[in-house]
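Visitor: got a predicted structure plus its sequence, pasted below:
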Amino acid sequence: MPTLEDYFRKLSLHFGPQHWWPGETPFEVLVGAVLTQNTAWKNVEKAIGNLKTFRLLDPHKLHELDEETLQEAIRPAGYFRQKAKRLKAAVAWLVERFGGSMEKAAREETGKLRDELLEIKGIGPETADSILLYALGKPVFVIDTYTYRVLTRHHWVGEETTYEEMQELMQSKLPRDAKLYNEYHALMVAVGKEFCRPQARCERCPLKPYLPG
DNA sequence: GACCAGGCACATC
DNA sequence: GATGTGCATGGT
């Protein structure tokens, strides 16, 4: 019976290094984490490209920016009215709590940061954990729709398992290592995209044979 | 033209 | 507590 570490090795061999998160700075990762909610990354790239073009990809700039202008800039990412509000809320937290510095934020304790992020309207567990892991380097395993699909299809967990339970499973069975969680989650997305779509053909999935279930 | 995409908050029973 | 719905653009 394969272990989660076996899965990691198989995925690494098949897909190679993933170089996640696709963003140049911690703040860009935070912005991307909000914009990618239920949205293809391709669309997020356009939105972030707009922000860069107008030199708006900066905590203080975004904090001062009016919401309508922000909406227009991020329109390609979809749900642009909601996301403008959510981004403003996240940026306000960063500016007011840490003077806009992701480096300062990274020095705060992980559990405290997670609680604070979850209090922000529009930031749920996945967005919070993506920020913690990929922007702040905290050892937190991110569960997303692909991770959920891979774990359930391979019978690691049942369909009804909650976010926190899956996260706890991954973290309890793997060493507490941000680099490992980073690469592992990225690989989950890679295998999920190619082999674990809703109507997927699993024949060539590198994770076969599945666990018995 | 359906279906899907690195979710989340809120309404209603 | 569980179940349903709105949010929106863009690629396949």
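Guide: Structure's in. What do you need?

Visitor: A:Glu160 versus the closest residue to A:Cys202 other than its chain neighbours, what's the distance?
Guide: Among residues not flanking A:Cys202 along the chain, A:Phe195 sits closest, at 6.0 Å (Cβ to Cβ, 6 or more residues apart in numbering). The way it works is simple: take the backbone N, C-alpha and C, and place the C-beta from them, glycine included. Counting by Cβ to Cβ, to the nearest Å, the gap from A:Phe195 to A:Glu160 is 23 Å.

Visitor: compare those two and say which is more crowded by neighbours.
Guide: Neighbour count, other Cβ atoms under 10 Å: between A:Phe195 and A:Glu160, A:Phe195 has more, with 20 against 7.

Visitor: taking chain A, what residue is nearest to DNA strand B?
Guide: Closest to DNA strand B within chain A is A:Gly124: 2.3 Å, counting by Cβ to the nearest atom of the strand.

Visitor: so that residue touches A:Arg114, yeah?
Guide: No - with contact defined as Cβ atoms under 8 Å, A:Gly124 does not count as touching A:Arg114 (11.3 Å).

Visitor: more neighbours: which of the two?
Guide: It is A:Arg114, of A:Gly124 and A:Arg114, that has more neighbours when counted by other Cβ under 10 Å, with 17 against 13.

Visitor: and the contacts of the one helix or strand that one maps to?
Guide: Per DSSP states H and E: A:Arg114 is located in helix A:110-119. For helix A:110-119, contacts defined as Cβ atoms under 8 Å, 6 or more residues apart in numbering pick out A:90, A:93, A:97, A:105, A:123-125, A:127-129, A:131-132, A:136, A:138-140.

Visitor: which is the next helix or strand following that helix?
Guide: helix A:125-130.

Visitor: ok, A:Ala73 - contacts?
Guide: A:Ala47, A:Asn50, A:Leu51, A:Phe54, A:Leu56.

Visitor: on the three-state scheme, it is what?
Guide: Taken by DSSP: H, G, I helix; E, B strand; the rest coil, the conformation at A:Ala73 corresponds to helix.

Visitor: geometric centre of chain A: which residue is closest?
Guide: A:Ser130 (3.5 Å; Cα atoms, centre = their mean).
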